[in-house]
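Chemist: How does the following fold in three dimensions:
(one chain, ligands or ions: 3)
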Amino acid sequence: MEAVNHFRHTAYACIQLQLFLLIGFASAGNPHLHYDWLVSHAHRAPLGIVKQVIVINGQFPGPTLIATTNDILNINVRNDLTEPFLLTWNGVQQRRNSWQDGVQGTNCPIPPGKNWTYSFQMKDQIGSFFYFPSLLLQKASGGFGAVRINNRIIIPVPFPSPFQEFDVLIGDWFNADHRDLRSLLDHGNSLPIPDGILINGVRPYQATFGFQPGATYRLRISNVGLKTSVNLRIQDHLMLLVETEGSYTLKQYYESLDIHVGQSYSVLVTANQTAGSSYYMVATSRFIIPELAGIAVIQYPGSQGHPIGPFPPGPRPFDFRYSMEQARSIRWDLKVGAARPNPQGSFHYGLINVSQNIILENDMAIIGNHQRYTVNGISFVQPDTPLKLADYFQLNDVFKGDSIPNAPDGRYPALGTSVFDLKYRDFIHIVFQNSLPTLQTWHIDGYNFFVVGMDEGKWDSSRRSTYNMIDAISRSTIQVYPNSWTAIMVELDNQGMWNVRSQEAEKWYLGQELYIRVKGVGQDDPSTIPTQDEVPIPANVIRCGRAGSFT
Ligand SMILES: *[C@@H]1O[C@H](CO)[C@@H](O)[C@H](O)[C@H]1NC(C)=O
Ligand SMILES: *[C@@H]1O[C@H](CO)[C@@H](O)[C@H](O)[C@H]1NC(C)=O
Ligand SMILES: *[C@@H]1O[C@H](CO)[C@@H](O)[C@H](O)[C@H]1NC(C)=O
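Modeler: Ligands and ions are numbered 1, 2, ... in the order given. You can find the predicted model right below:
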């Protein structure tokens, strides 16, 4: 029922938005969308065990944010929880506006009982994303929801308009309260094996998607879980991959799709079966024992009850090779435009000279009797003042720029506040090296990057000859397989203080993150760089820590 209501709500929001757009087009400028979101506790039992969850306007998952390229969103978030709260917009770029990123390094939390209005533009973006609570492991209790940024009407979408769109939020679920899970981590333990996998916040067989024979549907899928990769497949239906995290992909059919924590995909599914039947949508866990399954039901008109037959088969649970081959098969469609009319391929990233090489190696270490996760030997600790505010108010002793080496240097693992100083407009090459036997996923806020290569073993510069310098996919979250590396290239075209993190909640919470401070050098030499300044500090900014006394 909950899932059905969720979709009703979405459809309703769609109609509202269309009306709004008509009005928006009548007036000049980009439409402003206003939302009031009440974040509060509620009780749900997605796996039969009652848990205090986080709902937004009573909904679990939260409302879908539906916008169009360049819309300006104002989201007034009222925190009725007993803990501080922030939302982050996973993959939404907020150009030159890291003030709105909603992570500990950029924002003071919204205190319990208070509200704060996020205000940002969906500048030059299209695609499928999601938002989630960034603090205190609250994501384990919900508070997440889908984000859709549609093309402006004047920019063609590179596939026929689907009959309907569905959000599919898949995630591992723990019956334990997020505060208890946090306490485990605080006391040096790991998260347990999840209790199950939810699709749109409900247990197996509760989420249903109605299909009309012959119609095509766009599924916007995100892995909103804490730590578990999933493999998604639909009985007797193929998925045509069309988009990932704001890039249109070369269209390819997949029988099953691996989706790692924090990643988003759009697929088209054509309802080529006949009325009267229903089919399994299965999301099984990857790389853990026991294998867990989230199950939803595709219902054709007149179907009664459960699907029949065996589950559609998936890859073997520990088949990393299969997963890596699939990741390599996902390519950028060079011929089509995304948010702008010019084709994606007109940005010839392969011709740009790299200005800096960085190797980020993730590891784990015991520091002060606690298990921590590190990047180049440093396990991130939050200072008492958000980095962005410390930078703005020139509080010089909160953090130091370039406080992390640009390659592992064999140092003894330690706590620290890692900030890379990087130059606006530079084009950098980053190798994520994973020397652990578990999968890793990395995300960079404010950016999409080109995934130019990945392979097993240790990276060395000879691997560059294997890079895809033509049509590598551009996205914001990428996996690194166990004892493997993934190489990316990124144009630093977005000024600000941006979070680079493990998408896995446990590794993030225990220190696997850093910030990149991307600053224009235009002030120093205005003749060379066409400086676009950052968006000014918001009038409603919340001050805390050592920035608390500044007005
Ligand atoms: C809090 O909500 C009130 C009422 O909706 C609004 O007027 C005010 O601007 C909000 N405060 C912030 C800091 O966004
Ligand atoms: C529908 O498409 C799937 C995937 O291509 C195929 O396996 C199946 O046989 C098709 N079914 C019908 C009834 O055409
Ligand atoms: C890249 O570097 C080479 C050699 O320094 C130079 O000739 C070329 O113009 C540069 N390309 C770009 C796009 O800047």
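Chemist: Tell me who's in contact with residue 288.
Modeler: 193, 228, 317 (C-beta atoms under 8 Å, 6 or more residues apart in numbering). For the C-beta atoms, the positions are set from N, CA and C on the backbone; glycine is no exception.
Chemist: so which residue of this structure comes closest to ligand 3?
Modeler: residue 353 (3.7 Å; C-beta to the nearest ligand atom).
Chemist: That residue: neighbouring residues, count only.
Modeler: 6 (other C-beta atoms under 10 Å).
Chemist: if I've got this straight, it is in a strand?
Modeler: No. In this structure, residue 353 is coil, not part of a strand, as judged by DSSP: H, G, I helix; E, B strand; the rest coil.
Chemist: While we're on it, how confident is the model there?
Modeler: Per-residue confidence (pLDDT) for residue 353: 97.
Chemist: pretty sure it is touching residue 426, no?
Modeler: No. Counting by C-beta atoms under 8 Å, residue 353 does not reach residue 426; the two are 9.8 Å apart.
Chemist: I'd like to know which residues of this structure are adjacent to ligand 3.
Modeler: 351, 352, 353 (C-beta under 6 Å from any ligand atom).
Chemist: from those, which single one is nearest residue 385?
Modeler: Residue 385 lies nearest to residue 352 out of the residues of the chain next to ligand 3, by C-beta to C-beta, at 35.7 Å.
Chemist: The closest residue to ligand 1 within the stretch 1-150 of the chain sits in which helix or strand?
Modeler: Residue of the stretch 1-150 of the chain nearest ligand 1, by C-beta to the nearest ligand atom: residue 117 (3.4 Å). Using DSSP states H and E, residue 117 falls within strand 115-121.
Chemist: which residues are contacting that strand?
Modeler: Contacts with strand 115-121, where a contact means C-beta under 8 Å, 6+ apart, come from 30, 70-79, 87, 89, 92, 94-95, 97, 100, 102, 110, 538, 540, 542.
Chemist: Just the helices from the stretch 401-550 of the chain, written as ranges.
Modeler: 505-509 (DSSP state H, counting those that start in this stretch).
Chemist: what bits of it have low per-residue confidence?
Modeler: Applying pLDDT under 70 to the stretch 401-550 of the chain flags the ranges 521-532.
Chemist: Show me what the closest residue to residue 100 other than its chain neighbours is bridged to.
Modeler: Nearest residue to residue 100, sequence neighbours excluded (C-beta to C-beta, 6 or more residues apart in numbering): residue 120, at 4.3 Å. Listed by DSSP bridges, the beta-bridge partners for residue 120 are residue 73.
Chemist: can you tell me the residue of the stretch 151-300 of the chain closest to ligand 2?
Modeler: residue 272 (3.7 Å).
Chemist: returning to what we had before: just give the number of residues close to the residue of the stretch 1-150 of the chain closest to ligand 1.
Modeler: 18.
Chemist: what does this protein put close to ligand 1?
Modeler: Counting by C-beta under 6 Å from any ligand atom, the residues of the chain near ligand 1 are 76, 115, 116, 117, 540.
Chemist: Number of residues surrounding the last one?
Modeler: Applying other C-beta under 10 Å, we find 11 residues neighbouring residue 540.
Chemist: Look at residue 19 and report its pLDDT.
Modeler: 41.
Chemist: Likewise for the one 4 residues further on?
Modeler: With respect to pLDDT, residue 23 scores 40.
Chemist: swap in residue 146?
Modeler: Residue 146 is assigned 98 on the pLDDT scale.
Chemist: my guess is residue 512 contacts residue 499, does it?
Modeler: No. In this structure, residue 512 is not within contact of residue 499 by C-beta under 8 Å, at 11.4 Å.
Chemist: Break this structure down into its domains, please.
Modeler: 1-26, 27-150, 164-328, 344-547 (automatic domain parsing).
Chemist: got a markdown table for those, with distance to residue 337 too?
Modeler: Listed next are the domains of the chain as a markdown table, based on distance: least, C-beta to C-beta, whole Å:
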| stretch | distance to residue 337 |
| --- | --- |
| domain 1-26 | 20 |
| domain 27-150 | 9 |
| domain 164-328 | 8 |
| domain 344-547 | 7 |
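Chemist: Residue 158: which of the ones you listed is closest?
Modeler: domain 164-328 (5.4 Å).
Chemist: From the chain's centroid, how far away is the closest one?
Modeler: The chain centre lies 16 Å from the centre of domain 164-328; the measure is C-alpha atoms, centre = their mean, to the nearest Å.
Chemist: distance between the ends of that domain?
Modeler: With C-alpha to C-alpha, to the nearest Å as the measure, domain 164-328 spans 29 Å from end to end.
Chemist: can you check stretch 266-278 too?
Modeler: OK, stretch 266-278 end separation, C-alpha to C-alpha: 22 Å.
Chemist: circling back to that earlier point, in helices, which of the contacts of residue 288 appear?
Modeler: With helices taken from DSSP state H, there is no overlap with those.
Chemist: who wins for neighbours among these?
Modeler: residue 228 (25 neighbours).
Chemist: Tell me which residues touch that residue, please.
Modeler: By C-beta under 8 Å, 6+ apart, the neighbours of residue 228 are 171, 172, 194, 197, 261, 285, 286, 288, 292.
Chemist: So among these, where is pLDDT lowest?
Modeler: residue 288 (94).
Chemist: Counting neighbours, what do you get for the closest residue to residue 385 other than its chain neighbours?
Modeler: Nearest non-adjacent residue to residue 385, counting by C-beta to C-beta, 6+ apart: residue 545, 3.3 Å away. Taking other C-beta under 10 Å as the criterion, the count of residues near residue 545 is 16.
Chemist: With residue 461 instead?
Modeler: Residue 461 has 8 nearby residues by other C-beta under 10 Å.
Chemist: start at 20 instead
Modeler: Renumbered: residue one is now 20, and that last one reads residue 480.
Chemist: list the contacts for it?
Modeler: By C-beta under 8 Å, 6+ apart, the contact list for residue 480 is empty.
Chemist: Return the distance of it relative to residue 492.
Modeler: 23 Å (C-beta to C-beta, to the nearest Å).
Chemist: List phi and psi for residue 350.
Modeler: phi -120, psi 160 (degrees, to the nearest 10).
Chemist: Tell me the bridge partners for it.
Modeler: Beta bridges link residue 350 to residue 491 when assigned by DSSP bridges.
Chemist: Tell me which residues touch the residue nearest to residue 369 when sequence neighbours are not counted, please.
Modeler: Spatially, and ignoring its direct neighbours in sequence, residue 369 is nearest to residue 488 (3.2 Å; C-beta to C-beta, 6+ apart). With contacts taken as C-beta under 8 Å, 6+ apart, residue 488 has the following neighbours: 368, 369, 471.
Chemist: cool, and residue 350?
Modeler: 268, 269, 487, 490, 491, 492 are the contacts of residue 350 under C-beta under 8 Å, 6+ apart.
Chemist: just residue 284 next, same as before
Modeler: With contact set as C-beta under 8 Å, 6+ apart, residue 284 has these partners: 147, 239, 240, 241, 260, 262, 263, 264, 276, 278.
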